[in-house]
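**Q** From the sequence below, what's the structure:
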Amino acid sequence: MDRANLALAEVLLEEGRDVYLVGHNISPELLANSRVHATVVRRPVGVLLAEGSLKGAGMRVATEVTRRWPSARVVVNGGNCSWPDINWVHSVHAAWPRFDAQAPLWFRTKSRINKQKARRDELHALSMAKLVIANSQRTKRDLMAVGIPAEKIHVVYLGSEPGWRPPTPDERVQARRLFDLPRDAAVVSFVGGLGYDRNKGFDTLLAAWREANLHNAALVAAGAGRGFIHWRREIERMGLQGRVRLLGFTDRIGDLLNASDLFVSPVRYEAFGMNVLEALCRGVPSIVSNNAGAAELYPERLARWLLRGPDDASALAQMLLRWRDAIDRTRSDFAGFAAQLSSETMRDAAATIIAAAERCRL
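**A** Numbering: from 1, shown residues only. Have a look, this model is predicted:
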């Protein structure tokens with residue numbers, strides 16, 4: 001979402017427009033631009049307080065700007081601010097169940113309260129919007145399911161970034177050296193939060209990894225969260241020490257993908273999936289749940305790499321074995337797909353949104 005919002009701001013600035021931004025973190029490059037009017041909201045401790053402070057600041061800025069310039073446009077994301085103009089939706093809480101049945105009681109209680117509030121705020125904001133931008137057809141269907149008319153919804157897939165390209169042989173070697181990975185091993189990567197909520201499907205991947213028992217292969221997971229220690233213990237309990245590495249938080253996702261032979265994202269809910277898109281653009285064959293928004297981008301010839309059930313560890317294990325038997329051929333199969341996806345950039349998506357907004361004047 002941050003990358004997408006940044007691209008939209010950059011394209012608007014290139015068109016010579018003034019841009020008013022409200023957020024917890026704003027790019028230094030944007031802050032240095034004389035046409036950017038930024039309101040940086042201090043992030044309080046706790047999700048609810050942070051959401052409340054962001055929403056309040058957004059309402060104040062939108063009110064002031066539209067009072068001074070009635071034709072100004074206002075873009076919000078989901079339920080983070082209620083305003084009767086453009087809502088760019090990156091996920092739909094009403095369609096996003098909690099997967100925390102095995103989490104501590106305090107976490108489940110907090111999660112339930114947060115989810116209920118998020119769904120109320122989301123529905124209120126979406127109901128007010130004149131134009132709703134969805135990041136996938138899956139998101140559009142989820143929006144329609146909560147009563148948003150189809151004619152208000154415009155689907156715009158997120159695009160690639162300039163640096164997302166297949167690595168050179170030297171870059172691949174350097175990336176493996178960075179993470180101390182053997183040059184001859186088959187490397188599978190996972191990128192996602194490792195919290196108590198199991199939405200990202202890491203539990204399914206671990207079970208499949210144990211069942212497949214691939215020779216000379218390593219699973220490397222990037223991500224942090226409250227459940228990090230739990231997952232480390234789970235790996236030990238499953239006897240996967242030495243075969244699974246947890247990196248924790250890292251800002252070297254690009255390097256990890258450059259070092260990878262396969263990317264796996266067995267998500268239970270995913271409105272789109274920027275991690276999948278980046279992996280694909282870097283030429284990394286990717287297995288993703290078929291209900292994720294990014295799965296809509298897959299051509300029919302690659303549909304066999306879409307996981308039909310995010311809880312089906314045995315099916316995922318069979319996909320891993322099939323991939324291991326044909327690593328080079330699979331990478332070749334995905335090569336043309338990488339070039340196709342890379343041709344559609346995040347700025348192209350931003351330009352499409354601007355054009356849709358121009359057609360939908362208040």
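**Q** hey, let's count contacts and neighbours off CA atoms from now on
**A** Will do.
**Q** any idea of the mean pLDDT for stretch 276-292?
**A** If you average the pLDDT over stretch 276-292, you get 97.
**Q** Ok, stretch 236-244 next?
**A** On average, stretch 236-244 scores 94.
**Q** Check stretch 98-105 too.
**A** Averaging pLDDT along stretch 98-105 yields 90.
**Q** now do stretch 79-93
**A** 95.
**Q** May I have that stretch exported as PDB, CA atoms only?
**A** Below are the C-alpha coordinates for stretch 79-93, written out as PDB (Å, rounded to 0.1, in the frame of the first residue of the first chain):
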ATOM      1  CA  GLY A  79     -11.700   2.700   6.400                       C
ATOM      2  CA  ASN A  80      -8.700   4.900   7.400                       C
ATOM      3  CA  CYS A  81     -10.800   8.100   6.700                       C
ATOM      4  CA  SER A  82     -14.400   8.600   5.700                       C
ATOM      5  CA  TRP A  83     -14.700  11.100   2.800                       C
ATOM      6  CA  PRO A  84     -17.200  11.300  -0.100                       C
ATOM      7  CA  ASP A  85     -14.800  11.000  -3.000                       C
ATOM      8  CA  ILE A  86     -12.200   8.400  -3.900                       C
ATOM      9  CA  ASN A  87     -11.500   5.300  -1.800                       C
ATOM     10  CA  TRP A  88      -8.500   3.200  -2.900                       C
ATOM     11  CA  VAL A  89      -9.100  -0.200  -1.300                       C
ATOM     12  CA  HIS A  90      -6.100  -2.500  -0.700                       C
ATOM     13  CA  SER A  91      -7.900  -5.100   1.400                       C
ATOM     14  CA  VAL A  92     -11.500  -5.700   2.600                       C
ATOM     15  CA  HIS A  93     -11.800  -6.400   6.300                       C
END
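**Q** distance between it and the chain's centre?
**A** 16 Å (CA atoms, centre = their mean, to the nearest Å).
**Q** Check which residues of that stretch are buried.
**A** Residues 79-93 are the ones in stretch 79-93 that count as buried (16 or more other CA atoms under 10 Å).
**Q** any low-confidence regions in the protein?
**A** 44-50, 362 (pLDDT under 70).
**Q** Run through the helices of the stretch 51-200 of the chain in chain order.
**A** 105-128, 137-145, 169-178 (DSSP state H, counting those that start in this stretch).
**Q** Run a quick neighbour tally on the nearest residue to residue 93 once chain neighbours are set aside.
**A** Excluding its sequence neighbours, the residue lying closest to residue 93 (CA to CA, 6 or more residues apart in numbering) is residue 119, at 5.5 Å. The tally of other residues near residue 119 (other CA atoms under 10 Å) stands at 18.
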